[in-house]
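# what would the 3D arrangement of this be:
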Amino acid sequence: MRVLITGAAGFIGSHLCEYFLANDHQVVGMDNFLTGRIENIEHLFHHKDFLFIKHDVTNFIHVPGKLDAVLHFASPASPIDYAHYPIPTLKVGALGTHKALGLAKDKGAVFMLASTSEVYGDPLVNPQPESYWGNVNPIGPRGVYDEAKRFAEAMAMAYHRYHKMQVRIVRIFNTYGPRMRKNDGRAVPNFIDQALRGKPITVYGSGKQTRSLCYVSDLVDGIYRLLLSKNNTPVNIGNPREITVLELAQILRRLTGSKSRIIRKELPVDDPKVRRPDIALARKTLKWAPKVSLEDGLQRTIEHFRGE
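Numbering: from 1, shown residues only. Predicted structure coming up:
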């Protein structure tokens, strides 16, 4: 295949580029480096099957030649990022999705949308199945990301129904691994960076809120399987093992050998209290389940941060 990956210089996007190249596909990577980093993909620039285009996907997208798939992964994706870039976050979810869908339609390509567990908001059911409509505050500080992704899903499904396009919607749950930015505001990079520096580990609220953490290689495998499937409706990809944020802080303190103390700060507005995917659909239709254990994945991530 020849595929376009928007957000190619981001955490997940860069791993996707590597995976497709490793499986003998051609990759066109696209990014404007708003939150992506050139360091994530510069090792791919010499690859004969990799082409990079610096471009803002909220503007008209032109890619010469055939495309078999368009994977739209461009977006700020952490609370710090979309608090700092609220309007670009909304624009890439709305205008960027529209432009990427138009390109896929023109090329006769499969369109894949990187959606998120955030479409479920602060859920009232746990675990969250794809049939759950969510509990989202549209005007809260997280609404710019939540609603951008919900709108993007609606647009993808409109193109599927009206234009008969093949679409894939992956609802990505908390994912971690090498190439996360240490200052991106998410729990794993925050805790690792603080532990390695011997600084206090900051847990927000009581620490009893839960997260389900999926290692990036498992996520990428699920995304690839979904792309090759016939699922035109959303599919959860994530690890159903649920732990509290406080437990995560304690595990990372132990794995890093840190003496950092754990302190608490006020819980951010609309921070979800539970987060756990129901992956029955992925198990059934994709024959997918996560393989990397939490401790193993965290150890690999710690080693990456030590290197940085």
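# sketch out the helices for the stretch 51-200 of the chain, chain order is fine.
79-84, 86-91, 97-107, 143-163, 187-197 (DSSP state H, counting those that start in this stretch).
# buried sites along the longest one?
Using 16 or more other C-beta atoms under 10 Å as the burial criterion, the residues of helix 143-163 that qualify are 143-150, 152-153, 155-157, 159-160. All C-beta spots, glycine's among them, are computed from the backbone N, C-alpha and C.
# ends of stretch 102-120, how far apart?
27 Å (C-alpha to C-alpha, to the nearest Å).
# picking that back up, let's have the helices of the stretch 51-200 of the chain in a markdown table, adding distance to residue 57 and mean pLDDT.
Output for the helices of the stretch 51-200 of the chain, formatted as a markdown table (distance: least, C-beta to C-beta, whole Å; pLDDT from 0 to 100):
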| stretch | distance to residue 57 | mean pLDDT |
| --- | --- | --- |
| helix 79-84 | 16 | 92 |
| helix 86-91 | 9 | 98 |
| helix 97-107 | 6 | 98 |
| helix 143-163 | 12 | 98 |
| helix 187-197 | 25 | 96 |
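# make TSV out of the ones you listed and add distance to residue 305.
Formatted as TSV, the helices of the stretch 51-200 of the chain follow (distance: least, C-beta to C-beta, whole Å):
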stretch	distance to residue 305
helix 79-84	17
helix 86-91	26
helix 97-107	32
helix 143-163	25
helix 187-197	5
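# and those: which comes nearest residue 46?
Closest of the helices of the stretch 51-200 of the chain to residue 46 is helix 97-107, at 26.2 Å (criterion: C-beta to C-beta).
# could you check the angle that closest one makes with helix 143-163?
Interaxial angle, helix 97-107 versus helix 143-163 (axes from the mean of the first three to the mean of the last three C-alpha atoms, to 10 degrees): 30 degrees.
# helix 97-107 packs against which elements?
strand 2-6, strand 69-72, strand 110-116, helix 143-163 (3 or more C-beta pairs under 8 Å, 6 or more residues apart in numbering; DSSP states H and E).
# wait, which of those is closest to residue 226?
strand 110-116 (7.3 Å).
# direction included, what does that closest one pair against?
strand 69-72 (parallel), strand 167-172 (parallel) (DSSP bridges).
# identify the residues contacting the longest one?
Contacts to strand 167-172, defined as C-beta atoms under 8 Å, 6 or more residues apart in numbering, come from residues 12, 110-117, 119, 130, 153, 156-157, 159-160, 219, 222-223, 226-227, 229, 231-238, 277.
# and the residues you listed, which are buried?
Judged by 16+ other C-beta under 10 Å, buried ones among those: 12, 110-117, 119, 130, 153, 156-157, 159-160, 219, 222-223, 226-227, 231-232, 234-238, 277.
# do you know which of the helices and strands packed on helix 97-107 lies nearest residue 52?
strand 2-6 (10.1 Å).
# quick one: contacts of that closest one?
Under C-beta under 8 Å, 6+ apart, the answer for strand 2-6 is 13, 16-17, 20, 25-31, 57, 63, 65-74, 96, 100, 103, 109.
# just to revisit the earlier point, now the helices and strands packed on helix 97-107 as CSV including distance to residue 293?
Below are the helices and strands packed on helix 97-107 laid out as CSV (distance: least, C-beta to C-beta, whole Å):
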stretch, distance to residue 293
strand 2-6, 28
strand 69-72, 27
strand 110-116, 24
helix 143-163, 29
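# and the ones you listed: which comes nearest residue 267?
Nearest to residue 267, of these and by C-beta to C-beta, is helix 143-163 at 17.0 Å.
# find the residue at the geometric middle of this protein.
residue 172 (5.4 Å; C-alpha atoms, centre = their mean).
# mind listing the residues bridging to that residue?
residue 116, residue 237.
# in stretch 31-49, what's buried?
31-32, 34-36, 40-41, 44.
# what stretches of the stretch 1-150 of the chain score poorly on pLDDT?
For the stretch 1-150 of the chain, no stretch has pLDDT under 70.
# for the stretch 201-308 of the chain, what spans make up the helices?
Using DSSP H, counting those that start in this stretch, helices in the stretch 201-308 of the chain cover 216-227, 245-256, 280-286, 294-307.
# break the protein down into its structural domains.
2-176+216-239+277-290, 187-208+242-274+296-307 (automatic domain parsing).
# picking that back up, buried ones among the contacts of strand 2-6?
13, 16-17, 20, 25-31, 57, 63, 67-74, 96, 100, 103, 109.
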